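Visitor: okay, sequence plus prediction incoming.
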Amino acid sequence: MRALIQRVSRATVKVGGNVTGQIQSGLCVFLGIKTDDTVSDVDKLAKKVIQLRIFPDEQGKMNRNILEAGGELLIVSQFTLHGDTANGNRPSYIRAARPDMARDLYEAFVASCRQLSGRVETGVFQAHMEVELINDGPVTLMCFSGE
């Protein structure tokens, strides 16, 4: 399981021109699920995301997590995070989980984050989405459930 995390001053996701999720200051989390991910991975990664100390304290040092900063989460499913570009120019998605399995783990991740942090907005699983965000910093990290 991979999460591409961007600290944002705002972020919005739209499906068919309609806003499905929108946050102000917080984290935009693009979540990729692979074939051998489990519920155990969900819990590890959700805790990692919530506990990341990437928000500034009074001295401007990145020393606060999202709870301490009062931020929000926007979680967007993104199977392309498991695209393999090692061979050729067309990515292979063989490591990405099938939609039925991925949906269950995505929903479990969202539920875990809601339980840990409060306000969580989302995109629409398996939909074509348009994501707009203002990366604050910029701060962008890749986290894995195994870390």
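Guide: That came through fine.

Visitor: when you work out contacts or count neighbours from here on, use the C-alpha atoms and nothing else.
Guide: OK.

Visitor: so the spatially most central residue of the chain is in which element?
Guide: For the chain, the residue sitting closest to the mean C-alpha position, by CA atoms, centre = their mean, is residue 29 at 2.0 Å. Residue 29 is located in strand 26-32, with elements delineated by DSSP states H and E.

Visitor: which strands or helices does that strand pack on?
Guide: Packing contacts for strand 26-32, counted by 3 or more CA pairs under 8 Å, 6 or more residues apart in numbering; DSSP states H and E, involve strand 2-15, strand 72-77.

Visitor: touching that strand from outside, list them.
Guide: 1-11, 66, 70-82, 96, 106, 133 (CA atoms under 8 Å, 6 or more residues apart in numbering).

Visitor: what about residue 40, how many neighbours?
Guide: For residue 40, the count of nearby residues is 11 (other CA atoms under 10 Å).

Visitor: again with residue 142
Guide: So residue 142, with other CA under 10 Å, has 12 neighbours.

Visitor: that one - that's part of a helix, no?
Guide: No - judged by DSSP: H, G, I helix; E, B strand; the rest coil, residue 142 forms no part of a helix; its state is strand.

Visitor: isn't it up against residue 1?
Guide: No - Residue 142 lies out of contact with residue 1 (CA atoms under 8 Å); the separation is 10.5 Å.

Visitor: biggest helix in this structure by residues?
Guide: helix 99-117 (DSSP state H).
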